[in-house]
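Participant: just to be clear, the model below is a prediction. Sequence and coordinates:
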Amino acid sequence: QELEGFLEQEQAKAKLQASVHELTNTCWNKCITGGISTKFSRGEASCLENCVDRFLDSSLFIVKQIEAQKQHM
Amino acid sequence: QELEGFLEQEQAKAKLQASVHELTNTCWNKCITGGISTKFSRGEASCLENCVDRFLDSSLFIVKQIEAQKQHM
Amino acid sequence: QELEGFLEQEQAKAKLQASVHELTNTCWNKCITGGISTKFSRGEASCLENCVDRFLDSSLFIVKQIEAQKQHM
Amino acid sequence: QIQQELAVANAQQLITKINENCFEKCVKSPSASLTSSEEQCLGRCMNLYMSAFDQVSRSYVARVSKERAGGMGGGL
Amino acid sequence: QIQQELAVANAQQLITKINENCFEKCVKSPSASLTSSEEQCLGRCMNLYMSAFDQVSRSYVARVSKERAGGMGGGL
Amino acid sequence: QIQQELAVANAQQLITKINENCFEKCVKSPSASLTSSEEQCLGRCMNLYMSAFDQVSRSYVARVSKERAGGMGGGL
């Protein structure tokens, strides 16, 4: 049973890692639209800082909208 | 055996659902190229209406061309 | 055991095929940026010829950089 | 129970796709919070994506039925 | 039999990729039917995609062999 | 051992993503060999991608913890 718990934890970790890779790709494409310099421009840095939270906000907003629409049906 | 039939059917349904998600994504990217308004423009609506059928026509056309080329070899 | 070797070989073949499909897609998008003519332009043909090798060079370059950075830490 | 799981998976996949495509369209440069115009855009975009999904489902099911009925002799 | 399945899967995957990429290039705005110029474009595009596929296969196999022969000491 | 496999898979996935995105950005038109300016661009791009990856990891882990703590009542 300890093994089971361990395996579940590792699976959760693998899923989290996959999400981070995908989010990094999404946010890179959204925020780094110009050339590659030695460091991020101010706009790029701020975009990257906010990207994950706004992406998740957007997802929660959509879920809430759908739930609100369901109740009005 | 009834169970088997049921499972096969559910699997077919899952595959169909996956195709619909992928086609929606393809047709959204092909047809909705501008900003987001309250409803589709006339051009967007007509593009979406025809998109699935032309995508499948295109696939069939390619298969026929390949078969025709094989016979000429 | 012969069967095992055979299966491993087939698995390796499947993996190679998947890589070729993905690389073709990557190189098509990188090299064929204009319209579709009856044959490749000179630039497109040369881009396609070099695309796989530069993609793999790029991958090796990145791995080497990472290893170099690790040693300096 | 499998049917329910399928329906849930379908709804989750739809929400994932809506978010991917509507975040792309509506949140051009993520800032400290979602602005009200970004939220309005997300609301409209969600409705449009769902109606695109409905249109595609209808077209696809109609086409698959037609092909199965043997009207064209082609295989999808 | 596995070999045959692999070959079939490979051909299907190639057709899927051709259609994805050539539909993108040749059918700019789907209308009531494929126009003849769209079909001509699809035909040309299909041939070009196949030759790109051949080129990539050759380059990739050559490179993998070369790396295996140990010429560079790098691992792909 | 599973943990180590996960770490290796994670590193490989990161390298794959760096190469995809940085090849796209830095090697505009593949020629007979990587030019030195392409290599410089790849080096810079790799560092930037890694720092984007770190930023995203931190933001994501912080957000997931916050949501779990129940601050918002929403489910991700």
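Facilitator: Structure's in. What do you need? Numbers count the residues shown, from 1 in each chain, chains lettered A, B, ... in the order given.
Participant: what's the separation between the residue in chain A that chain C sits nearest to and chain D?
Facilitator: Closest to chain C within chain A is residue A:36: 13.1 Å, counting by Cβ to the nearest Cβ. For the C-beta atoms, the positions are set from N, CA and C on the backbone; glycine is no exception. As for residue A:36, its distance to chain D is 19 Å (criterion: Cβ to the nearest Cβ, to the nearest Å).
Participant: repeat for residue A:45
Facilitator: 12 Å.
Participant: now do the helix or strand hosting that residue: distance to the chain's middle.
Facilitator: Assigned by DSSP states H and E, residue A:45 belongs to helix A:42-71. Relative to its parent chain, helix A:42-71 has a centroid offset of 9 Å by Cα atoms, centre = their mean, to the nearest Å.
Participant: name the residue of chain D that lies nearest to chain C.
Facilitator: residue D:24 (17.9 Å).
Participant: OK, contacts around that residue?
Facilitator: residue A:30 (Cβ atoms under 8 Å, 6 or more residues apart in numbering or on different chains).
Participant: what's the angle from the helix or strand hosting residue D:54 to helix A:42-71?
Facilitator: Using DSSP H and E, residue D:54 falls within helix D:36-68. Calculated by axes from the mean of the first three to the mean of the last three Cα atoms, to 10 degrees, helix D:36-68 forms an angle of 60 degrees with helix A:42-71.
Participant: helix D:36-68 and chain E in contact?
Facilitator: No. Judged by Cβ under 8 Å from any Cβ of the partner chain, helix D:36-68 makes no contact with chain E; its nearest approach is 10.5 Å.
Participant: that helix: which residues count as buried?
Facilitator: D:38-39, D:41-49, D:52-53, D:55-57, D:59-60, D:63, D:67 (16 or more other Cβ atoms under 10 Å in any protein chain shown).
Participant: what's the answer for stretch A:40-52, then?
Facilitator: Across stretch A:40-52, burial judged by 16+ other Cβ under 10 Å covers A:40, A:44, A:46-52.
Participant: pretty sure residue A:51 sits against residue F:56.
Facilitator: Yes. If you go by Cβ atoms under 8 Å, residue A:51 and residue F:56 touch, sitting 7.3 Å apart.
Participant: who touches both of those two?
Facilitator: With Cβ under 8 Å, 6+ apart as the test, residue A:51 and residue F:56 both reach A:23, A:27.
Participant: which residue is the nearest non-sequential neighbour of whatever residue of chain A ends up closest to chain E?
Facilitator: Ranked by Cβ to the nearest Cβ, the top residue of chain A for proximity to chain E is residue A:29, at 17.9 Å. The shortest distance from residue A:29 to any non-neighbouring residue, by Cβ to Cβ, 6 or more residues apart in numbering or on different chains, is to residue F:21 (7.9 Å).
Participant: mind checking how far the closest residue to residue D:18 other than its chain neighbours is from residue B:50?
Facilitator: Nearest non-adjacent residue to residue D:18, counting by Cβ to Cβ, 6+ apart: residue D:49, 4.8 Å away. Note on residue D:49: its distance to residue B:50, by Cβ to Cβ, to the nearest Å, is 18 Å.
Participant: and residue D:40, how far from residue D:46?
Facilitator: When residue D:40 is compared with residue D:46 (using Cβ to Cβ), they lie 11 Å apart.
Participant: over to residue A:15?
Facilitator: Distance of residue A:15 to residue D:46, computed by Cβ to Cβ: 25 Å.
Participant: again with residue D:15
Facilitator: Applying Cβ to Cβ, the value for residue D:15 to residue D:46 is 9 Å.
Participant: which residues do the two both contact?
Facilitator: With contacts taken as Cβ under 8 Å, 6+ apart, the residues that reach both residue D:15 and residue D:46 are A:62, A:66.
Participant: picking that back up, now render the buried residues of stretch A:40-52 as a markdown table, adding distance to residue B:58 and pLDDT.
Facilitator: What follows is the buried residues of stretch A:40-52, written out as a markdown table (distance: Cβ to Cβ, whole Å; pLDDT from 0 to 100):
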| residue | distance to residue B:58 | pLDDT |
| --- | --- | --- |
| A:40 | 41 | 97 |
| A:44 | 38 | 97 |
| A:46 | 42 | 97 |
| A:47 | 37 | 98 |
| A:48 | 38 | 98 |
| A:49 | 42 | 98 |
| A:50 | 40 | 98 |
| A:51 | 35 | 98 |
| A:52 | 37 | 98 |
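Participant: which non-adjacent residue is nearest the most centrally placed residue in chain D?
Facilitator: In chain D, the residue lying closest to the centroid (Cα atoms, centre = their mean) is residue D:53, at 4.2 Å. Once flanking residues are discounted, residue D:53 sits nearest to residue B:24: 4.8 Å by Cβ to Cβ, 6+ apart.
Participant: let me see the confidence value for the one you found.
Facilitator: Note on residue B:24: pLDDT of 98.
Participant: residue contacts, it?
Facilitator: Here residue B:24 is in contact with D:17, D:49, D:52-53, D:56-57 (Cβ under 8 Å, 6+ apart).
Participant: reformat those residues as JSON lines; add pLDDT.
Facilitator: Listed next are these as JSON lines, based on pLDDT from 0 to 100:
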{"residue": "D:17", "pLDDT": "98"}
{"residue": "D:49", "pLDDT": "98"}
{"residue": "D:52", "pLDDT": "98"}
{"residue": "D:53", "pLDDT": "98"}
{"residue": "D:56", "pLDDT": "98"}
{"residue": "D:57", "pLDDT": "97"}
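Participant: closest one to residue B:62 out of those, please.
Facilitator: Nearest to residue B:62, judged by Cβ to Cβ, of these is residue D:56 at 20.4 Å.
Participant: so how far is residue B:22 from that closest one?
Facilitator: 9 Å.
Participant: again, but for residue A:11
Facilitator: Applying Cβ to Cβ to residue A:11 and residue B:22 gives a distance of 26 Å.
Participant: residue D:44 too?
Facilitator: 23 Å.
Participant: other SSEs contacting the helix holding residue A:45?
Facilitator: Packing contacts for helix A:42-71, counted by 3 or more Cβ pairs under 8 Å, 6 or more residues apart in numbering or on different chains; DSSP states H and E, involve helix A:2-31, helix D:2-26, helix D:36-68, helix F:36-68.
Participant: and the ones you listed as JSON lines, adding distance to residue B:66?
Facilitator: JSON lines is the format used below for these (distance: least, Cβ to Cβ, whole Å):
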{"stretch": "helix A:2-31", "distance to residue B:66": "33"}
{"stretch": "helix D:2-26", "distance to residue B:66": "31"}
{"stretch": "helix D:36-68", "distance to residue B:66": "18"}
{"stretch": "helix F:36-68", "distance to residue B:66": "37"}
